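Q: Using only what follows, build the 3D model:
(one chain, ligands or ions: 2)
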Amino acid sequence: MVRLYDSRKRILVTGGAGFLGSHLCDKLLEKGHDVLCLDNLFTGSKRNIDHLHGNPRFEFMRHDVTFPLYVEVDEIYNLACPASPIHYQYDPVQTTKTSVHGAINMLGLAKRLKARIFQASTSEVYGDPAVHPQPESYWGNVNPIGIRSCYDESKRCAETLFFDYHRQHGLEIKVARIFNTYGPRMHHADGRVVSNFIVQALKGAPITLYGDGSQTRAFCYVDDLIDGMVALMESDADVTGPINLGNPTERSIREMAEMVVAATGSSSEIVFEPLPQDDPKQRRPDISLAKEVLGWAPTVRLEDGLAATVAYFRAILSEFETA
Ligand code: NAD
Ligand code: UDP
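A: Ligands and ions are numbered 1, 2, ... in the order given. Sure thing, here's the model as predicted:
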């Protein structure tokens, strides 16, 4: 439904050319807002936002959030940060700067503008969780010096900054802890499990299962997640989060490999590779709070979400072949 002109907002989306960010830009434009999409294109791509360039309410700005930003907007969604382990481990110092300096810069901007600000936090704040499923009250089990720490600890620090700006400066904050999300526009070389398995299956290459595949995750389709993010941003001012957003249906990674083989009709074999250091053994969100406060719960079945994602990658890969 399109909003009336007088409720239109100017909204900044950092990381807007990424997987989640580009879907969020679509959703906000669909709701009638003006969108300023900011990205340094580290893992994001112009291709994800190509279809928006003719829209007069859409603007793209190439900028790195570790540097200060001076723009005039009414709301900020802060998503800028590489999310895949291979990408956030590529330059771990830059990852920490992006999360921490990026948060400071965006919070400073929000403070000057008195703008409401959303933080894309992560289930990684729970680390390799000793409590299962994970409620927001759980403080986590995070290695501070491992190869995942640049992401996990900097996202934890960003949460601290958000709550300090809220307490100290009265800023309106919205903090979502996002669990594994998948769908069209994930980068084909993103390295995360769903895109890896689908691309491998479509190419007939071996499917790389790390460890014995018994580790679990719970996978949320991107459309569900974006609805949850927007519901949180639009909720009453006293709802700050952190709030878990994700799909509570838990699967082993081996099951995911088998589902991808079935969804693609591939003849790829599954091969076993070493489990990366500190890889969480289990993960599943407790979404009671999101249900209660936002009236939100995911609706897309994994089978359907996978079918849509496979169709996307099939199209992308055949484009690469003919290019
Ligand atoms: P993504 O890598 O596709 O998107 C991240 C975007 O941020 C990219 O477009 C990238 O170019 C941009 N970026 C990175 N560093 C930047 C910088 N210094 N300045 C400006 N832009 C920068 O990943 P995604 O899955 O879309 O994740 C988006 C956000 O959601 C991230 O903050 C991530 O931590 C969070 N998150 C995602 C998931 C998930 O499953 N997709 C889960 C938990 C949290
Ligand atoms: N994984 C795998 N093969 C791959 C990529 C990932 O078995 O080619 C595993 C990985 O070890 C982890 C799970 O899949 O246990 C999810 O990995 P992903 O990188 O998608 O997300 P995260 O570990 O950050 O939840």
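
Q: Looking at the stretch 1-150 of the chain, what residue ends up closest to ligand 2?
A: With Cβ to the nearest ligand atom as the measure, the residue in the stretch 1-150 of the chain that lies nearest ligand 2 is Pro85; the distance is 4.8 Å. Where you see a C-beta, it was placed from the backbone N, CA and C, and this is true even at glycine.

Q: so who does that residue touch?
A: 148, 151, 191-192, 276 (Cβ atoms under 8 Å, 6 or more residues apart in numbering).

Q: at 7 Å what do you get?
A: Under the criterion of Cβ atoms under 7 Å, 6 or more residues apart in numbering, the neighbours of Pro85 are 148, 191, 276.

Q: Would you mind measuring from it to Leu107?
A: As for Pro85, its distance to Leu107 is 26 Å (criterion: Cβ to Cβ, to the nearest Å).

Q: what does the protein put close to ligand 2?
A: 84-85, 180, 192-193, 196, 208-210, 215, 217, 253, 275-276, 279 (Cβ under 6 Å from any ligand atom).

Q: Which among those residues count as buried?
A: Burial by neighbour count, judged by 16 or more other Cβ atoms under 10 Å, picks out 84-85, 180, 192-193, 196, 209, 215, 217, 253, 275 from the residues of the chain next to ligand 2.

Q: now the residues you listed as a markdown table including secondary structure and distance to ligand 1?
A: As requested, these are arranged in a markdown table below (DSSP: H, G, I helix; E, B strand; the rest coil; distance: Cβ to the nearest ligand atom, whole Å):
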| residue | secondary structure | distance to ligand 1 |
| --- | --- | --- |
| Ser84 | coil | 6 |
| Pro85 | helix | 11 |
| Asn180 | coil | 5 |
| Arg192 | coil | 7 |
| Val193 | helix | 10 |
| Asn196 | helix | 13 |
| Leu209 | strand | 19 |
| Gln215 | coil | 16 |
| Arg217 | strand | 9 |
| Ile253 | helix | 14 |
| Leu275 | coil | 19 |
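
Q: which among those gets closest to Glu292?
A: Glu292 has its nearest neighbour among those in Asn180, at 22.4 Å by Cβ to Cβ.

Q: Could you check how far His33 is from Glu59?
A: Here His33 is placed at a distance of 12 Å from Glu59 (Cβ to Cβ).

Q: which intervals of the stretch 201-323 of the chain have sub-threshold pLDDT?
A: Low-confidence regions of the stretch 201-323 of the chain, defined here as pLDDT under 70, cover residues 323.

Q: What are the boundaries of the helices in it?
A: Along the stretch 201-323 of the chain, the stretches classed as helices by DSSP state H, counting those that start in this stretch are 222-233, 253-264, 288-294, 302-322.

Q: Against which helices or strands is the last one packed?
A: Packed against helix 302-322, as judged by 3 or more Cβ pairs under 7 Å, 6 or more residues apart in numbering; DSSP states H and E, are the following elements: helix 193-203, helix 253-264.

Q: will you turn the ones you listed into a markdown table that also has distance to Arg8?
A: Rendered in a markdown table, the data for the helices and strands packed on helix 302-322 read as follows (distance: least, Cβ to Cβ, whole Å):
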| stretch | distance to Arg8 |
| --- | --- |
| helix 193-203 | 34 |
| helix 253-264 | 40 |
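
Q: which stretch among these comes nearest Asn141?
A: The stretch from those with the least distance to Asn141 (Cβ to Cβ) is helix 253-264; that distance is 19.5 Å.

Q: Which of the buried ones among the residues of the chain next to ligand 2 sits closest to Met229?
A: For Met229, the nearest member of these is Asn180. The distance, counting by Cβ to Cβ, is 14.9 Å.

Q: Using PDB, write out the CA atom coordinates for stretch 66-74.
A: Only the C-alpha atoms of stretch 66-74 are listed here, as PDB (Å, rounded to 0.1, in the frame of the first residue of the first chain):
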ATOM      1  CA  THR A  66      34.000   4.600   8.600                       C
ATOM      2  CA  PHE A  67      34.100   8.200   7.400                       C
ATOM      3  CA  PRO A  68      31.700  10.900   8.700                       C
ATOM      4  CA  LEU A  69      28.600  11.600   6.700                       C
ATOM      5  CA  TYR A  70      26.600  14.800   6.400                       C
ATOM      6  CA  VAL A  71      23.200  14.300   4.900                       C
ATOM      7  CA  GLU A  72      19.600  15.300   5.900                       C
ATOM      8  CA  VAL A  73      17.300  12.400   6.500                       C
ATOM      9  CA  ASP A  74      14.400  11.400   8.800                       C
END
